[in-house]
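Chemist: quick check, what structure comes out for this input:
(one chain, ligands or ions: 1)
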Amino acid sequence: TMAHSKGLLVLENFIAGKFVPCSSYIDSYNPSTGDVYCRVPDSGKEEVDAAVKAAKAAFPIWSSKSPLERSQILNKLADLIEHDLEAFAQAESKDQGKTITFARTVDIPRAVYNFRFFASSILHHTTECTEMATMGCVHYTSRTPVGVAGLISPWNLPLYLLTWKIAPAIACGNTVVAKPSEMTSVTAWMMCKLLEKAGVPHGVVNVVFGTGAKAGEALVCHPDVPLISFTGSTLTAQRITEKSAPHCKRLSLELGGKNPAIIFEDADLSQCIPTTLRSSFANQGEICLCTSRIFVQRGIYSEFLKTFVAEAKKWKVGNPSDPTVNMGALISKEHLEKVRSYVKKAQAEGAKVLCGEGVDSLALPTGNQKGYFMLPTVIAEVKDESCCMQEEIFGPVTCVVAFDTEEEVIERANGVKYGLAATVWSSDVGRVHRVAQRLQSGLVWTNCWLIRDLNLPFGGMKASGIGREGAKDSYEFFTEVKTITIKH
Ligand code: NAD
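Modeler: You can find the predicted model right below:
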């Protein structure tokens, strides 16, 4: 099924256990060279209808399997992906622009772990039971899979975020139609090649490739898809909410962020600075959890800024397959232009760009001259009302500002429409508690960043989302609960 045309990789939809060609295709670019290297099906209503039909047909058999049987299949799939880890990592890096190191150590291991984690967690859920002795009654709850789940994922962590949805959906007994980002479809297609060997019955996992406007909306509007799990931008989520409203669909929405780092004078800067560099620039700043507003207490502001900028300048940007490179290419030419435009706007408003875009020069290897690269960029003297401090940039740009008091910084950190993640740096346990409690943020990391226990809820407040994902939260989202009363 590995089809090639004119040396290009050509993907096919995966429906009812078979790869099927599409009548039209979209070009997909290698962000580190600027070349088209892959063609992705431009699916629409017809393809989505076929995929939903297959998923519906597979539901009775899959949903009646025991959790243990499903668990074994998920574990097998995890083993198969892990066996091909290097090939998956190479493909993710080429398709997305991220460094091979990041794909090898974060994206693909996490995709494997997503399947293992839900293969295990599905075995450990219990339901509730209460007794009403005087009435001679017991009440208990029972949970059943919902049906065909529609899964829509973004381009920044392609296989990682897609499997974070597929694994809990199928572990719970649902069947799925997944629509990865049209810009990063290759690893999802590679995963489809392993499903049969893992023992996933035909029709349980269907993958339809294409754009959001065509394939994504057809899925959102399909009457036989009662739930949609979406990760992406807040704007798209608004559209999905509108489009799905007539069907009363269940929605899980994991959206953007404008995440603050709050650094107090008593912070351990030897830990804080390297971690805040990573939280600002890891994966080219293209992680929903990336820091983009750094609040530093006045007493250490100059010292912090000096070291932070000096360290940011050491980040090596270039060919993603070079293992010494810290940052690869941004996802697309349009996205690079958008990220750059924020730096220009900040400058026009009188902010100071201390390193990176427009300040330092970027030397790229010959093969990468047309890639979508930019340097880690640090902006200071920027006002809280500036678009750089309010809007999600989703690139390697971070703003550093000074603050005086705890009360003040909480208010400023909360002064954006988003509420996804925050980091707090201090060695005062009491302060860390107080601040974490008051931040409007679904996740607060203190003295660290990006350490996750998948058992616990993940998700955002305010414009950063609706619903949470995690062992218990995903189980609840992907199942329908019923309360049953028995009277003797
Ligand atoms: P996006 O919203 O443009 O696209 C996300 C997905 O939705 C893609 O598959 C796209 O094709 C599809 N889509 C677009 N329009 C659609 C429509 N009308 N109907 C149905 N589907 C549609 O987002 P993106 O640019 O791919 O990803 C970046 C965004 O994702 C950032 O805002 C980032 O913060 C967010 N994100 C959030 C999390 C989280 O867990 N909270 C994680 C990663 C990324």
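
Chemist: which parts of the stretch 51-200 of the chain are helices?
Modeler: Secondary structure of the stretch 51-200 of the chain (DSSP state H, counting those that start in this stretch): helices located at 67-83, 85-96, 100-102, 108-121, 158-171, 186-198.

Chemist: an error on my part: the question was meant for the stretch 251-400 of the chain.
Modeler: 269-281, 298-313, 333-348, 387-390.

Chemist: pLDDT (mean, whole number) over the third one?
Modeler: For helix 333-348, the mean pLDDT works out to 98.

Chemist: ok so, going back, which one of the helices of the stretch 51-200 of the chain is the most hemmed in?
Modeler: Most buried of these, by mean neighbour count (mean count of other Cβ atoms under 10 Å): helix 158-171, with a mean of 27. Quick note: C-beta positions are derived from backbone N, CA and C, even for glycine.

Chemist: list the contacts of the spatially most central residue of the chain.
Modeler: Centroid-nearest residue in the chain, with Cα atoms, centre = their mean: residue 161, separated by 4.8 Å. Residue 161 makes contacts with 153, 154, 231, as judged by Cβ atoms under 8 Å, 6 or more residues apart in numbering.

Chemist: any idea what the last one is bridged to?
Modeler: If I follow you right, that is residue 231. Each beta-bridge partner of residue 231 is listed here, defined by DSSP bridges: residue 254.

Chemist: so it makes contact with residue 158?
Modeler: No: using Cβ atoms under 8 Å, residue 231 is not in contact with residue 158, being 10.7 Å away.

Chemist: report how many residues lie close to the residue lying closest to residue 207 once chain neighbours are set aside.
Modeler: With sequence-adjacent residues excluded and distances taken as Cβ to Cβ, 6 or more residues apart in numbering, residue 207 is closest to residue 14, at 4.5 Å. By the measure other Cβ atoms under 10 Å, the count of residues near residue 14 is 25.

Chemist: elements contacting the host helix or strand of residue 14?
Modeler: Under the criterion of DSSP states H and E, residue 14 resides in strand 13-15. Contacts defined by 3 or more Cβ pairs under 8 Å, 6 or more residues apart in numbering; DSSP states H and E place strand 13-15 against strand 18-20, helix 45-63, helix 186-198, strand 205-207.

Chemist: before we move on, the earlier item: for residue 173, see how far away the residue nearest to the centre of the chain is.
Modeler: Using Cβ to Cβ, to the nearest Å, residue 161 is found at 22 Å from residue 173.

Chemist: about what we covered before: now render the helices and strands packed on strand 13-15 as a markdown table, adding distance to the ligand and mean pLDDT.
Modeler: Shown next, in a markdown table, are the helices and strands packed on strand 13-15 (distance: least, Cβ to the nearest ligand atom, whole Å; pLDDT from 0 to 100):
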| stretch | distance to the ligand | mean pLDDT |
| --- | --- | --- |
| strand 18-20 | 20 | 98 |
| helix 45-63 | 11 | 98 |
| helix 186-198 | 10 | 98 |
| strand 205-207 | 12 | 99 |
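
Chemist: now those in JSON lines, with distance to residue 37?
Modeler: Below are the helices and strands packed on strand 13-15 laid out as JSON lines (distance: least, Cβ to Cβ, whole Å):
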{"stretch": "strand 18-20", "distance to residue 37": "19"}
{"stretch": "helix 45-63", "distance to residue 37": "23"}
{"stretch": "helix 186-198", "distance to residue 37": "9"}
{"stretch": "strand 205-207", "distance to residue 37": "20"}
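
Chemist: can you say which of those is nearest to residue 353?
Modeler: Checking the helices and strands packed on strand 13-15 against residue 353 by Cβ to Cβ gives helix 186-198 as the closest, at 34.9 Å.

Chemist: and the angle from the closest one to helix 108-121?
Modeler: Going by axes from the mean of the first three to the mean of the last three Cα atoms, to 10 degrees, helix 186-198 is angled at 40 degrees with respect to helix 108-121.

Chemist: other SSEs contacting helix 186-198?
Modeler: Based on contacts counted as 3+ Cβ pairs under 8 Å, 6+ apart, the elements that helix 186-198 packs against are strand 13-15, helix 67-83, helix 85-96, helix 108-121, helix 158-171, strand 205-207.

Chemist: now the ones you listed as CSV including distance to residue 144?
Modeler: Formatted as CSV, the helices and strands packed on helix 186-198 follow (distance: least, Cβ to Cβ, whole Å):
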stretch, distance to residue 144
strand 13-15, 25
helix 67-83, 12
helix 85-96, 33
helix 108-121, 17
helix 158-171, 13
strand 205-207, 19
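
Chemist: so which of the ones you listed comes closest to residue 146?
Modeler: Checking the helices and strands packed on helix 186-198 against residue 146 by Cβ to Cβ gives helix 158-171 as the closest, at 9.0 Å.

Chemist: so which of the helices of the stretch 51-200 of the chain comes closest to residue 335?
Modeler: helix 85-96 (11.4 Å).

Chemist: which residues sit against that closest one?
Modeler: 28, 30-32, 37-38, 81, 98-100, 102-104, 107-109, 111-112, 155-156, 158-159, 183-187, 190, 320-321, 328, 331.

Chemist: can you rerun that using 6 Å?
Modeler: 30, 100, 103, 104, 107, 108, 184, 186, 187, 320 (Cβ atoms under 6 Å, 6 or more residues apart in numbering).

Chemist: domain ranges for this structure?
Modeler: For the chain, the TED database gives the domain ranges 9-256+464-487, 259-446.

Chemist: and the shortest one with the ligand, contact?
Modeler: Spelled out, that is domain 259-446. Yes: applying Cβ under 6 Å from any ligand atom, one finds domain 259-446 touching the ligand at 288, 392, 394, 420.

Chemist: for the residue in the stretch 51-200 of the chain that the ligand sits nearest to, what are phi and psi?
Modeler: Closest contact between the stretch 51-200 of the chain and the ligand, by Cβ to the nearest ligand atom, is at residue 154 (3.1 Å). Main-chain torsions, residue 154, degrees, to the nearest 10: phi -90, psi -170.

Chemist: and the residue of the chain most remote from its centre, how far from residue 484?
Modeler: In terms of distance from the mean C-alpha position of the chain, residue 134 ranks first, at 50.0 Å (Cα atoms, centre = their mean). When distance is defined by Cβ to Cβ, residue 134 is 19 Å away from residue 484.

Chemist: again, but for residue 428
Modeler: 50 Å.

Chemist: for the two, indicate the residue with more neighbours.
Modeler: Higher neighbour count among residue 428 and residue 484: residue 428, with 14 against 11, using other Cβ under 10 Å.

Chemist: what residue ranges in the chain are flagged as low confidence?
Modeler: 1-6 (pLDDT under 70).

Chemist: chain center to stretch 245-259: distance?
Modeler: 13 Å (Cα atoms, centre = their mean, to the nearest Å).

Chemist: buried residues, that stretch. List them.
Modeler: By 16 or more other Cβ atoms under 10 Å, the buried positions in stretch 245-259 come out as 249, 250, 251, 252, 253, 254, 255, 256, 257, 258, 259.
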